[in-house]
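Undergrad: heads up, no residue letters with this:
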Ligand SMILES: [Zn+2]
Ligand SMILES: [Zn+2]
C-alpha cells in the first residue's frame, strides 16, 4: 500500500506539504509551503523527513504557503525533479525572492538591535537567502499543461487541472498502479470561487480514490461578489468626488488584479471620476505583468476584454510606480487611488501612504483582504484611534472600510459542489484549514455525501 503524510497545512491553513510514499519506495511531494502567522517558528524546525529522499516535487501554485519552504528543501539536500506549470515557476520566483529579501531585512534589523546588547549570537539566521532561491532554479523542471497527463515514470502519471484560485493554480491528480491495482489520489490545491472575474471556475475532476481537499472556508459561505463591488464603487466615488484619496492595501497576487479589473469596469462604464490610480508595489507590478503574459489561463471575461481593448488591467488612469522616487512623487498628488502592499500593512509602501494620508478625514482606506490578528491592518480595522508609523504617532481620521466579499477561495457550498461532481469518489481527507472550521466542514460534507471524511493530523500515517 502507499502512504500519505502531511508535514504542514494539517489542522492549520499554512505550510502545505504532503508526502506520498509508494510501495516501491518512490517519494512524491506535493507543495512545500511556509508556515505563516502564529505557526511561523515551525519553519525553522526540521522537516520530519529527509529532503534527500524526495524524488519528485509537484507544485499546486505559487502562494508562499505552498512554495515558501522549497528553498529550504533544496538547501537541505533535495535533488529531485520539480513538476509545475511554467507560470507557477515564474510567479514563485517573484514570491520567493521577495520573501528572501524580507527575511534578510528582518535579520539585519534584529542583528543590529542585538549587537547593542551583545546578544548577536542568539539571532537566528534567515530561513534561506536569495542564493538559495536561485539554486532551486538550477534543478530539472518539467512543465505540464492543464488536463494532459504527464508520465512521471512507469505506471505513475500526474495531471494538472485549473483550480481557478490564482494565476497558475492547479488541482493535481496522481495515478499509479500498485500490485496490479490502479489507484488515484487527488490534491485539490487551493480552489477558487465561482465569480469568474479574473480566474475561471475550478475544473471538476471525475475520479479520486483518495481526495485531499482544502478547507479554508469550509465553515461558511461568502457574501455575493456583486454586493462587494457595489460597496467598493460607492466608497471610491464618494471619496474622489469630495477631493479625497483612496488607499487600498492589497495582496500582490490575484487581489490586486481583481481590484484593477473592477476599476477598469467602472472606467469603461463611465462611473469612475477622473483620477490617477497608482499601482505602487513592485511585486504587484511584476505579478500583473505575468497575468498579462499568461492571459490564456485567465477567465473568459478577461480574455474578451483583452480582445476588445488589447489589455486586461490597463487603462489611461493607471500608473505603475516601480521605482522609489516615482513612489515618493505620489505624495504631491491631491486626489487619487493608491494600491500598495503589503496586504496586511505589515510593511511595504502602504505605510508611507498611511503616514501621509491616514490622518486626513477627507481620505478613505479600503481593506479588501483578510487581516490577521496582530497586524497593523487588523488594528486599523478594529478601530485604532492612532497608529505608530516610522516611530511617529499618527491619528487615524480617514474613513475605514472593510469589504469582505473578495476571496480567492471557494466557500463551503462551492467546495461541496466541487466534490459532488466526482463520478467516483473515495475517502475525503481535510487539509489546509483551521481545526474548528474543519469540524464544521466535516459535518456539512457528511450531511451531503456518504464518503468517509477525516481531518488530517500532522505527521499522521494514512494508508491508501
Ligand atoms: Zn493559495
Ligand atoms: Zn493556500
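TA: Received, thanks. Only a predicted model underlies this, so the values are computations on that prediction, with no experimental measurement involved. Ligands and ions are numbered 1, 2, ... in the order given.
Undergrad: for the protein, what lies in contact range of ligand 2?
TA: 65, 190 (C-beta under 5 Å from the ion). In short, each C-beta sits where N, CA and C put it, glycine included.
Undergrad: spatially central residue in the chain, please.
TA: The centre of the chain sits closest to residue 63, judged by C-alpha atoms, centre = their mean, with a distance of 3.9 Å.
Undergrad: so what's that residue up against?
TA: Applying C-beta atoms under 8 Å, 6 or more residues apart in numbering to residue 63 gives the contacts 33, 95, 166, 190, 253.
Undergrad: run a quick neighbour tally on residue 174.
TA: 24 (other C-beta atoms under 10 Å).
Undergrad: doesn't it lie inside a strand?
TA: Yes - counting by DSSP: H, G, I helix; E, B strand; the rest coil, residue 174 is found in a strand.
Undergrad: measure it to residue 252 for me?
TA: Residue 174 is 30 Å from residue 252, where distance means C-beta to C-beta, to the nearest Å.
Undergrad: and residue 408, what's its pLDDT?
TA: Listed pLDDT for residue 408 reads 83.
Undergrad: I misspoke; the intended subject was residue 38.
TA: Here, the pLDDT recorded for residue 38 equals 78.
Undergrad: tell me where the longest helix sits in this protein.
TA: The helix spanning the most residues in the chain, taking DSSP state H as the definition, is helix 86-117.
Undergrad: check which helices and strands the helix or strand just after it sits against.
TA: Toward the C-terminus, helix 86-117 is succeeded by helix 130-136 as the next helix or strand (DSSP states H and E). When contacts are defined as 3 or more C-beta pairs under 8 Å, 6 or more residues apart in numbering; DSSP states H and E, helix 130-136 sits against helix 70-75, helix 86-117.
Undergrad: save those as CSV, and put in mean pLDDT, distance to ligand 1 and mean neighbour count too.
TA: Formatted as CSV, those follow (pLDDT from 0 to 100; distance: least, C-beta to the ion, whole Å; neighbours: other C-beta atoms under 10 Å):
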stretch, mean pLDDT, distance to ligand 1, mean neighbour count
helix 70-75, 97, 15, 23
helix 86-117, 93, 11, 17
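Undergrad: make sure residue 247 is indeed in a helix.
TA: No - per three-state DSSP, residue 247 lies outside any helix segment and is strand.
Undergrad: excluding chain neighbours, what is closest to it?
TA: Nearest residue to residue 247, sequence neighbours excluded (C-beta to C-beta, 6 or more residues apart in numbering): residue 365, at 4.7 Å.
Undergrad: how about that neighbour, what does it touch?
TA: Residue 365 touches 246-249, 354, 358, 380, 398-401, counting by C-beta under 8 Å, 6+ apart.
Undergrad: could you measure from it over to residue 244?
TA: Residue 365 is 11 Å from residue 244, by C-beta to C-beta.
Undergrad: which residues are common contacts for those two?
TA: Contacts common to residue 365 and residue 244, judged by C-beta under 8 Å, 6+ apart, are residue 398.
Undergrad: per-domain residue ranges of this structure.
TA: The chain breaks down by automatic domain parsing into domains covering 3-220+409-463, 225-402.
Undergrad: what segments of the chain are helices?
TA: Counting by DSSP H, the helices of the chain are 64-67, 70-75, 86-117, 130-136, 225-241, 255-268, 282-293, 300-309, 324-329, 350-357, 376-381, 412-420, 435-448.
Undergrad: nearest to ligand 1: which residue in the stretch 1-150 of the chain?
TA: Nearest residue of the stretch 1-150 of the chain to ligand 1 (C-beta to the ion) works out as residue 63 at 3.5 Å.
Undergrad: ramachandran coordinates for that residue?
TA: Note on residue 63: backbone dihedrals following degrees, to the nearest 10 are phi -70, psi 150.
Undergrad: which stretches of the chain have low pLDDT?
TA: For the chain, no stretch is flagged by pLDDT under 70.
Undergrad: could you report the neighbour count for the closest residue in space to residue 251 that isn't next to it in sequence?
TA: Nearest-residue entry for residue 251: residue 343, 3.7 Å, with adjacent residues in sequence omitted and distances by C-beta to C-beta, 6+ apart. By other C-beta under 10 Å, 26 other residues sit near residue 343.
Undergrad: can you name the residues that contact residue 343?
TA: 249-252, 255, 369, 377.
Undergrad: give me the buried entries from these.
TA: 249-252, 255, 369, 377 (16 or more other C-beta atoms under 10 Å).
Undergrad: close enough to count as contact, residue 282 and residue 326?
TA: No - Residue 282 lies out of contact with residue 326 (C-beta atoms under 8 Å); the separation is 10.4 Å.
Undergrad: of these two, which one has the most company?
TA: Neighbour totals were compared for residue 282 and residue 326, and residue 282 leads with 20 against 13 (other C-beta under 10 Å).
Undergrad: and the gap between the more buried one and residue 323?
TA: For residue 282, the distance to residue 323 - C-beta to C-beta - is 9 Å.
Undergrad: do residue 206 as well
TA: 49 Å.
Undergrad: do residue 61 as well
TA: To residue 323, residue 61 is 29 Å away according to C-beta to C-beta.
Undergrad: the two: which has the busier surroundings?
TA: residue 61 (29 against 10).
Undergrad: check contacts around that one.
TA: Contacts for residue 61 (C-beta under 8 Å, 6+ apart) come out as 67, 88, 91, 163, 165-166, 168-170, 189-190.
Undergrad: how about 6 Å then?
TA: By C-beta atoms under 6 Å, 6 or more residues apart in numbering, the residues touching residue 61 are 88, 166, 168-169.
Undergrad: list the contacts for the residue nearest to it when sequence neighbours are not counted?
TA: Excluding the flanking residues, the one nearest residue 61 by C-beta to C-beta, 6+ apart is residue 169, at 3.8 Å. Residues near residue 169 by C-beta under 6 Å, 6+ apart: 61, 163, 189.
Undergrad: swap in 7 Å and give it another go.
TA: Shown in contact with residue 169 (C-beta atoms under 7 Å, 6 or more residues apart in numbering): 60-61, 163, 189-190, 192.
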